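Enquirer: I need the structure of the sequence given here:
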Amino acid sequence: MNIKTLNRNYKCDKKNLKSCGLETDPCQNQGYMGPACKCLCPPGTSGDNCGTLEMSYEDAMLKLLKSYSRKITTNNTVVTTPGYPDASNPALQFDIVFEAEKCQRAVLTFKEFLIAYRHGNGICYLDQLVIRTQVDDVKPRNFCYDEIKLGQVFKSEENLLIISYNSQDYRGKNVGRRGWKAVFTTEPIPGCGVVGTCA
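Expert: Here you go, the predicted model:
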């Protein structure tokens, strides 16, 4: 439930409008009139009346909560771990959604991959990169250490490929881990968009 809904449920919105001498709420993009007679804007909006939409609410919250998380749609974009090739970062957790256009698949080609090792029991405790080739991937693949090789390629089933990265705090430690670097491209999905013909 968001703050605007709470204000509406407790009728604070009407109280604020009345005390500000307003009959209608001038705030846009899910903003609302606050007790100081100024629009309170949700993440992703700005301006006196929240009239400037900078990004979707979901993207703004993602940026706020996981500052390195993002959606990438531009072909030939290079992505790396923050600080690459120096993996002495604070603990990180972020997601990147690679989105290709309709009838295109997202392709991620790795140029380097070196993070913490996989523990003897098979679990990546310290660092891991999880790759989902479709949104509802129930068995995503996870990688650590040097398990992704130079030039290794991952392709989405449809137009979305999602990676999730988690790492420990390596600040001030010479751990010999460089992180990872990859390039996002797209390619056509064979047969997509082809309309069958009758004989």
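Enquirer: OK, contacts around the closest residue to C192 other than its chain neighbours?
Expert: Excluding the flanking residues, the one nearest C192 by C-beta to C-beta, 6 or more residues apart in numbering is C103, at 3.8 Å. Placement of C-beta: from N, CA and C, glycine included. Residues in contact with C103 (C-beta atoms under 8 Å, 6 or more residues apart in numbering) are N159, P188, I189, C192, G193.
Enquirer: same thing but 10 Å
Expert: E158, N159, T186, P188, I189, P190, G191, C192, G193, V194 (C-beta atoms under 10 Å, 6 or more residues apart in numbering).
Enquirer: Now, those that are in strands?
Expert: T186, P188 (DSSP state E).
Enquirer: Helices of the chain, start to end?
Expert: Taking DSSP state H, the helices of the chain run over residues 3-9, 12-19, 57-65.
Enquirer: mind checking which of those helices is nearest Q30?
Expert: Smallest distance to Q30 across these (C-beta to C-beta): 5.8 Å, for helix 3-9.
Enquirer: Dump the helices of the chain to JSON lines, plus distance to D48.
Expert: Formatted as JSON lines, those follow (distance: least, C-beta to C-beta, whole Å):
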{"stretch": "helix 3-9", "distance to D48": "17"}
{"stretch": "helix 12-19", "distance to D48": "16"}
{"stretch": "helix 57-65", "distance to D48": "18"}
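Enquirer: between the ones you listed, which has the poorest average model confidence?
Expert: With a mean of 71, helix 57-65 has the lowest mean pLDDT of these.
Enquirer: where does the protein dip in pLDDT?
Expert: By pLDDT under 70, the low-scoring segments of the chain are 1-2, 62-66, 87-89, 170-176, 195-199.
Enquirer: tell me the contacts of the closest residue to E112 other than its chain neighbours?
Expert: Closest residue to E112 apart from its sequence neighbours, by C-beta to C-beta, 6+ apart: K181 at 4.7 Å. Taking C-beta under 10 Å, 6+ apart, we find K181 in contact with V78, V79, T80, T81, Y84, P85, T109, F110, K111, E112, F113, L114.
Enquirer: Excluding covalently adjacent residues, which one is nearest to the fifth one?
Expert: Pointing back at Y84 there. G179 (4.3 Å).
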